[in-house]
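Enquirer: Structure, please.
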Amino acid sequence: MLRTFLAVILAVSVVSCAGVKMSEKNINIVMAKNVEKGKGATDITDTFTFEGQIFVYITFTWDEVERQGGNHEINVKWYSGEKLVSTRNHQALFGRPPYYVWFYTSGTSLGVGKAKVEIYADGVLVGSKAFEVVAK
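Expert: Here you go, the predicted model:
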């Protein structure tokens, strides 16, 4: 009887601590020229200069606001036109929502022209954002 009780308690604990599944439904993506921890994204735009930094600022939310989000691997892929230029990865332990994460690259690494960034959570594409890099 005690073993059964402890097994049920353990199972409930594991289920309640399991992470939230991330998808395109619980993500918001903005592009910005600057990001500060605790303040968020500033100078939000979809047009960047060749010399400047380019930030993607991602907000993850989910309906169960008292539930911890769990462990997730967040990956971004930066493209210049259709050419993959770079990738970045981040292992994150999501607390309660919202959870913020950001990545950056430079206009010099992408070059002038149309560009995009793709966001993956646990290997699944959850969103993308198109933007442009201009000479000045």
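Enquirer: Test my guess that residue 66 contacts residue 97.
Expert: No: with contact defined as Cβ atoms under 8 Å, residue 66 does not count as touching residue 97 (9.4 Å). Where C-beta positions appear, they are placed from N, C-alpha and C, glycine not excepted.
Enquirer: Residue 58 - how many residues pack around it?
Expert: If you count neighbours by other Cβ atoms under 10 Å, residue 58 ends up with 23.
Enquirer: How about the contacts made by it?
Expert: Counting by Cβ atoms under 8 Å, 6 or more residues apart in numbering, residue 58 makes contact with 27, 28, 29, 74, 100, 101, 102, 119, 127.
Enquirer: so who does residue 95 touch?
Expert: Applying Cβ under 8 Å, 6+ apart, we find residue 95 in contact with 68, 69.
Enquirer: Quick check: bridge partners of the residue nearest to the spatial centre of the chain?
Expert: Relative to the mean C-alpha position of the chain, the nearest C-alpha, by Cα atoms, centre = their mean, is the one of residue 58, at 4.4 Å. When bridges are called by DSSP bridges, residue 58 pairs up with residue 29, residue 101.
Enquirer: which strands and helices sit next to the host helix or strand of residue 87?
Expert: Using DSSP states H and E, residue 87 falls within strand 83-94. When contacts are defined as 3 or more Cβ pairs under 8 Å, 6 or more residues apart in numbering; DSSP states H and E, strand 83-94 sits against strand 70-80, strand 99-106, helix 107-110.
Enquirer: Tell me what angle that strand forms with strand 99-106.
Expert: Comparing the axes of strand 83-94 and strand 99-106 via axes from the mean of the first three to the mean of the last three Cα atoms, to 10 degrees yields an angle of 150 degrees.
Enquirer: List of residues touching strand 83-94?
Expert: Residues external to strand 83-94 that are found in contact with it (Cβ under 8 Å, 6+ apart): 19-20, 60, 68-79, 99, 101, 103, 105, 109-110.
Enquirer: same question, stretch 60-77
Expert: Outside stretch 60-77, the residues that touch it by Cβ under 8 Å, 6+ apart are 16-20, 22, 26-28, 56, 58, 84, 86-101, 103, 117-123.
Enquirer: Show me how far it is from its chain's centre.
Expert: 9 Å (Cα atoms, centre = their mean, to the nearest Å).
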